Each structure stands twice: as C-alpha cells, then as structure tokens.
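Enquirer: For reference, the sequence and a predicted model appear below.
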Amino acid sequence: MANVFEIDELKVGYGKLEIIHGVTFSVEKNELFVIVGPNGSGKSTLLKGLFGLASIKGGKILFNGEDITKLPPHERSKLGLAYHPQLNNTFENLTVRENILLAGYFLDRDELERRLENVLEFLPEIRGFMERKVKTLSGGERQMVAFAMNMIKEPNTVMFDEPTAALSPKMADLIFDRIRRLKTEYGLTVVLVEQNAKKALEMGDRAMLLVTGSIKYLGPAQELLTHEDLASMYLGLRD
Amino acid sequence: MINLFLLMVDIGTMYGIFLILASSMELEYGELGIPNFGKVMFFAAGAFTVGALAVRIGTWLAGITWEGEFKTKSILYSTLVSRYFASHPLDAIAVFLFTLFLASIMGAVLGIVASYPAIRLREDYLAITLIAAGELFRIFGRNYDPLIGGTMGVGVPDVLAWLPSGAKEAGYILLSLSFAAATWLILYRLSTSPYGRTLRAIRDEELAASTLGKDIVKYRMRVLALGSAMAAVAGVIYAFYMGSVLADDFNPLKTFLVVLMVVLGGSGNPFGTLVGVAVYILLDRTLAILKHYVVLPFDINYFAMFLFGVLLLLVLMYKPEGIIPERPLLTVRAKFCRREDGTPERKLCD
Amino acid sequence: MMLDTNILLDALVYSNMLALLSLSLTLTIMTLKVANFAHGDLAIIGVYGAYTFLILAHVATYLTLPIAFLFGGLYALLNYVLVYSPMRRRGANFVMLMIASMAIDIATRSMLQMYADVLKLNFKVYSRAFIFNDVVFNIAGTRVRGLVLISTLSVVSLLAILYVLLMKTKFGVAMRAAIENPALAEVLGINVEKVYATSWFLAGGFAGVAGFFLPFRIPTSPDLGFIILLPIFAASILGGINSLSGAVIGGYIVGVSEILGTYLLSQPPINLSTAYRPAIPFAILILTLLLLPQGIASLWSRGE
Ligand SMILES: Nc1ncnc2c1ncn2[C@@H]1O[C@H](COP(=O)(O)OP(=O)(O)OP(=O)(O)O)[C@@H](O)[C@H]1O
Ligand SMILES: [Mg+2]
C-alpha cells in the first residue's frame, strides 16, 4: 500500500490506435518519478491514460490501492490526482485569477481564499500578473499559472507533462525548484515527463525510459543518467 | 378521383428531375465534400432561361406578333405557340435543344462563379452566401416582369405538343428519365474512376490530395461547373414539363429536399442517390394522396414538410451513413482536421 | 430624400432586434462551433408563445415579453439537448451539424404553420400576418412609442445582465472557459454540457425577446424566421463570429444600413423596389467575407 501508482500491463491509445503497448511499473509515495523518451514515444499519451483522457485498451491502474482504470478525469481529480498538460493548459481569454478560481470551482469562497493565499506563497511570482489575461503572458508565466491551477486543488500526486518546454534555463530552473519543493516540503508524489532529461534525472528518484510505447529502462534515475548506451542513444546525453 | 396514368407520369417525371438534382448534389457534396446549398439557384437558372426565351422564340418562329405586356400575355401566347408546335415538331425540338444548350452554359458559368466562395469559405458561411444569392435570384425573377412575368409567372409552350395525348405524357417521362439516367451515369463513372477517388481524397483532406496543391482549386471549380450545369438541365425539363415558370417556386425548400434525398440515400454512394430520391418521391406522393382521405386540423402539406424535417434529423442522428452507405475506401482516411475554434481547416491533422 | 425621425426610429428598433439576434446567434456558435440555421425561428417561437398567451389571457401586450423569452429559451434548450449534443457525442462533423440545423428549421417552421392553422381554427383569430398594437408613452412632454422605448430598454438591460453574468459570476467564468477550451474545462471538473445547455437557453431567450418586437413593426408569420436569417448572419459575421460585442455592433450596422439603404434606394431617382431589401445585408455579408473575414472584432482585438 505504500505505492501511489500500481500499473499493470497498461495499454493506451486513441480510437483504434494503440500507442502504449502494455507497460508495468509503480510509483512510490513521495517519490519524484521521471519519465523520459524521444519525441512521439508516448510519454504524453501515458499521462493522459493515467488521468483518463486517452482511451485505455487494456491493463489496470491502481491509485493508492483503488482501481481507477475506468474512472472519468474529474473523479480521479477528486482522489487527489492532478495533471499538468503539455499543451493548452490554461484559458487564454481569462485572467490569471479567473483561471485559478476556475480550477477551484467546487470550493466555497472562504476555502478558496485560504488556498489562494497558500498558492501565492508557493508561487509568489504570480502576484504580479493576477489580473492579466493569460494570452498576454510569457510561456514561463503561463506554466506557472497552470502550476497554480493544480496547486489550488491541494492534490497528493501531480503529473507534469514537460512543464519547462521552450522556457529559458533560468525559468526552467525556477519551475524545477518548485517541483522539487513539492516533494521535499509538501510531501507530494510527483510524476515528471521531461525533454530536459539531464536536469530531471539529476533531481529524480527513479526514472523510466519510454521508447515507442514500451519501457526501455526502469530504475534509479542517476543510473539512467550515466548509462553508457541508453543515455547517448535516446537522450542525447554525452558521458 | 386520382387518375392513375397521370399519377405515374407525374411520379416518373418528377423522379427524373429530382434524380438529376440529387446526382449533382451527390457529386458536389458526397464525392467532393462541398455542400452546395445554392442548388435551387442553378435549378432556377435553367427554368428561368426556358421561361424567358421559349415563348419569345416560339412566337418568332411561328410568326406571331406580340401585343400587350409580357407579364399578362405570356400564358396566352404560349398556348398559341404550343398549337404551332403541334404541327411543327422540328421547331419545337429546336427550341428545346437551344434553351437546353443555353441553360447548361448558364449553369456552368454560375457554378464557376460560385466556386469562388466555395473554395474559400467554411461550410456554414458558404451555405448562407449561396442561399442568400439564390433568394436574390428568386426575388429578381419575381420583381422584374420582363424576365419571367414577375408574380404572374410565365407560360412555357409545350415542346411535345406534336405527340398524340398519352404519348405526349410518356414522352415527358422518357425525356426526364433519359436525362436523369445520363446524369446518374456520369456521376457513377466519375465516382468509380480514379478521378472520383481523387475527389474523395480532397474531401477527406488526405495527404495524397494535398500534394495536388493548386489543382484542388481546379477540381472544385470543374465539379461545381458540372454539377450546376446538371441542375440547370433539371430546371429546363421541369419548366417544359410544368408548362409554366413561377419565380416563387424556386425557394430554398427545394434545395433542402435535395439534401434530404442525398443524405437519406447515403452520401458518397451513387446508388444511395437512386434510392434516396425514390423514397422521397414515394413518401411525398403518398402524403399528397392521403390528403384526399384524412381530415386534419391543419394543412397536410405542412405536416409533410414537418415529417421531412424530422426524418432528416433522425437520419443524421441515428443513421448518418444513409440507407446505402459509402463503400469503404481503399486509401487510408485522415482525421477531419479542425482549428482551435473548431472550424475546418484544409490540411492534415497531426 | 428627406429622412424623417420615424425612419430613424424604425432603424433603431430594427437594429435593437438584430443586435439581440446576432448576439444570441454568436453565443450558440461559440458553443456548437457551427452556425445555427434555425436561429431566426427561435424568435418566431418566442412571439407565437407570447401571442398565444395574449389570446388566452387578455393582458397588456408588453406583459407577455417574458413569455417570449421563456418560449425561445426552452425551444433552444430542447434543440441543444435533443439534437446537437447527442449528435456531437456521436462524432457528427461540421457539415452534419449544419444540415441538422437546417432540418430543425424546416421542422420548426412547418410546426409553426400547423400551429397557426390550429390557432385560427380554435380561437378565430389572425394566426398569420398578425400585428401587435403599440402604446404611446408620454415622457416629459414628448410622446414616445412604446416599441422604441421598450426595445431599447430590453437591449440595454439584457446586455447588462449578460455582461454581469459572464464577467462577474463564477458561472460566467466557467462559461467562458468551457467555450474557449472544453477539454481543459472538463479536466477541471466543470460540467461543460450543462454550461452549453445554459448558453443555449439564454441565446434562445434573447432571440425570443427580439421576436416579441416583430409584430409591432411588420405582420408576423411562421416563415419570418427564415427571412430574417440573412441579416442576422450578416451581423454576426460582420461582428467576427466569436465576439459578443462585435455581434451587437454588427447588429446595429446591418440594421441601420438595411433600413436607411432600402429607404434611400426606393426614393427617386432610383426608385428601386423595396423587395430588393435583402441585397443590403447580402452585400455586407459578401464584403465582410472578402475584405474582413475575421469581422470588425479583429480591429480591436488584434493588439492583444
Ligand atoms: N489525439 C491523438 N490522436 C491520435 N494520435 C495521437 C494523438 N495524440 C498523440 N498521438 C500520437 O501518439 C504518439 C505519441 O504521442 P505523445 O504525444 O504521447 O508523444 P510524446 O512522447 O509526449 O512526444 P513529445 O515529447 O513530442 O511530447 C505520436 O505518434 C502521436 O502522433
Ligand atoms: Mg508529449
């Protein structure tokens, strides 16, 4: 029961198409679990499957011991699972405040205010643009808004899909820092999909290498980072 | 009492006329994916050509001098011309062929004009543009008396007046059905040829089609020209068969009925068109006959239209592929791509 | 070529109606992503609802305005819940949804025709080409026609209500979110279907209110909903299809051009028949699609 995710022979796809071909792995409580792999290998698809946004073709997902394989996304959300999508993760035409309020749609006013304070403490950068429409924000600022939208739900497990894609190294470091703090300070479990493999693997506990929908590596993150063949072949990492 | 012979004539002729219209719609929408909601305009173009010219040419051929207004006298003169045609079959045939020729040119030209918006606009904008254009065309016919007699309509001389009665009615069926058969065969040949596959590839936004690049524009233009010429031919036959042309007859409801037939039969399959038109005509005639036997607190014509609307809705909801579905394609179908705001985009999705 | 105030006031009233109609059409397009060809019919459903109530209850005409809202709204809601929503769930494409709206238009108008027959038979009233008699208000010594006053007030208050709803309430935020990105809204646990259904109810209600004003201006019949479709589309497309404020402004531009244009063209020396009136919205439609396909809203939202 110590495992947050217990995934067994999971197959995920779209329509008739199968993208993830039966993967088996688990994610421990308070672990930072990193998923890396080349473009199009199915990382996003796997996360969507875990959150109920892509169709599950087979296998089983246990979340904190409960079978969630067939649950719709909002039910999974209620169990404390949060998902930070790779694309379109904010509402462009709404202000930052509206975006965050929307994420906490089912909270009453007082609770929302209380949580908002906590979130702003965790992501104080947002204070500067609370009333601006998202479409006027930079990529990094948008990622922070999406981050905040998940935090308002006070989840126990967060899945990030490339939260630092196309960000400046400085901004990426800031996001990485907050993700690390989720684990260390708040005791959350984090699943992190990253293109920025080096950074992610350095701070991760365990890692998975996904290639064309199958697991090529599963084990300690540091080991993958220093793995002779895999690191250079799939991740573009030298030495 | 219902005259069985006349009923058969009516069903046969109307089947032919609507089959031409539906075939042209199937060609444009079913095969190429352009829903031409201006169909009635091209149909009207054919009928208006006949209305404006047949009686005028007829009086000229017969050597009758016209006295009085076109609007008020056209019915009278068309009767006189019909009488002349009864003894001059060659003149009658010449008038028919000439107006047919002119109308198809008119239709094709209008079709090319319509292809300009058809290539550029998303389908709902295109639909309202074509519907509105058709309505303005009708309003023009209704208000400009010298064209087709305005609100009074215009008489059309009987080009088969030289046949004995009985044979004449059969002649109209034959005329209508043979043109329908020819049109349908064109559709069928196109649909089963490599050309048809190209059209469907364009419709389904396939990768293969996008390599055609600029040619796609040409394909669309040609198909709309052909389809519109077909509709104009239907208008010519309709005008001669009815013996008159009334602008208000060419309202958007006609287009709707053609769409109903195509969707009901199964768009993308020429055999579906054959069936769709038949089902509609039979249903329509049955309701028309029922009219004589049942008493309702409202006009049964409205009830018929209501049924057709609901029927189309039910088909769209529960059997969108129609009675005879399109045969599966040999090529791989790409996903219908939409922009963020949901509007269709003429490119492949990723 | 004198423009008297009556024509200007008529232009105002007509534009008020058009603004409500194009605004509500735009609202439905934002949810369905396809233009609804039965939108004009919602106005007629509304006015027949009000008219029926008038026949039964003999109250002051303007008191039945809420009935028009209710009928238009409920009918639109029914359309959405029974047809569009299930069709979309089954994966219907753009053109199929559009054809469905045309089928609804045909069914609705013929239903109204049948209803008109029944109404006439049972109540011995005019059920087609009927008109509403207006009242005249005396405001600080000036006589103002009720239609001018009430239609303007209705537009102003409905716009204000919609603005507050969309901008100041939680539900409004959810509505804008569900319109912009339904998938993400769903992820966040918002019931997108419910939000869309509400939009349709509101849109139908607005259309119903617009329809209520029709018989004060012109004899009203079941087919009128189709006839007014062209100016509604022209206004909505001119407004930029995805902009509510654009739709309102588009409504006023098309409305005023249509009334004044028709009037001026029918005067000497042109003497054109007023039957060509649809040519004006048609011209606006074509020009917009050719010159400004994103509508006037693109003029002020470009900078953002
Ligand atoms: N909605 C969809 N429908 C069909 N196929 C899809 C869909 N989304 C993704 N795919 C396909 O699934 C495969 C895996 O895509 P996925 O987005 O999971 O890759 P990824 O590993 O996240 O890549 P990246 O690093 O570029 O984000 C790709 O071949 C992609 O084309
Ligand atoms: Mg991805």
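Expert: Right, received. Where do you want to start? Ligands and ions are numbered 1, 2, ... in the order given.
Enquirer: Check chain A for the residue nearest chain C and tell me.
Expert: A:His74 (4.0 Å; C-beta to the nearest C-beta). Bear in mind the C-beta positions are built from the backbone N, C-alpha and C, glycine included.
Enquirer: where exactly do the strands run in chain A?
Expert: With DSSP state E as the criterion, chain A has strands at A:3-14, A:17-28, A:32-36, A:55-63, A:66-67, A:81-84, A:157-161, A:189-193, A:206-211, A:214-220.
Enquirer: Over to the stretch 101-250 of chain B?
Expert: B:154-155, B:244-245 (DSSP state E, counting those that start in this stretch).
Enquirer: Out of these, indicate the one that is most buried.
Expert: strand B:154-155 (a mean of 27; mean count of other C-beta atoms under 10 Å in any protein chain shown).
Enquirer: Which strands and helices lie in contact with it?
Expert: helix B:39-62, helix B:70-87, strand B:244-245 (3 or more C-beta pairs under 8 Å, 6 or more residues apart in numbering or on different chains; DSSP states H and E).
Enquirer: could you dump those to JSON lines with distance to B:Val109?
Expert: Formatted as JSON lines, the helices and strands packed on strand B:154-155 follow (distance: least, C-beta to C-beta, whole Å):
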{"stretch": "helix B:39-62", "distance to B:Val109": "9"}
{"stretch": "helix B:70-87", "distance to B:Val109": "25"}
{"stretch": "strand B:244-245", "distance to B:Val109": "20"}
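Enquirer: For the stretch 101-250 of chain C, give the residue positioned nearest to ligand 1.
Expert: C:Ala183 (10.4 Å; C-beta to the nearest ligand atom).
Enquirer: and ligand 1, which of the strands of the stretch 101-250 of chain B is closest to it?
Expert: Nearest of these to ligand 1, taken as C-beta to the nearest ligand atom: strand B:244-245 at 52.6 Å.
Enquirer: Please see if the helix or strand that that closest one is followed by touches chain C.
Expert: For strand B:244-245, the following helix or strand on the C-terminal side (DSSP states H and E) is helix B:252-265. Yes. Using C-beta under 8 Å from any C-beta of the partner chain, helix B:252-265 reaches chain C at B:252-253, B:256, B:259-260, B:263.
Enquirer: Let me see the ranges of the helices in chain B.
Expert: Ranges of helices in chain B, per DSSP state H, are B:4-25, B:39-62, B:70-87, B:89-120, B:123-143, B:145-148, B:167-192, B:194-203, B:207-210, B:215-242, B:252-265, B:270-290, B:300-318.
Enquirer: Please apply the same query to the stretch 151-300 of chain C.
Expert: C:170-180, C:182-187, C:192-217, C:224-227, C:229-239, C:244-266, C:279-291, C:297-301 (DSSP state H, counting those that start in this stretch).
Enquirer: for chain A, same thing?
Expert: Along chain A, counting by DSSP H, helices occupy A:43-51, A:73-78, A:96-103, A:109-122, A:139-151, A:169-184, A:197-203, A:221-226, A:228-234.
Enquirer: Among these, which comes closest to chain B?
Expert: helix A:43-51 (13.0 Å).
Enquirer: interface residues of the stretch 101-250 of chain C facing chain A?
Expert: So far as C-beta under 8 Å from any C-beta goes, the stretch 101-250 of chain C lies against chain A at C:170, C:173-174, C:176-177, C:180-181, C:183-190.
Enquirer: Good, we can wrap up now.
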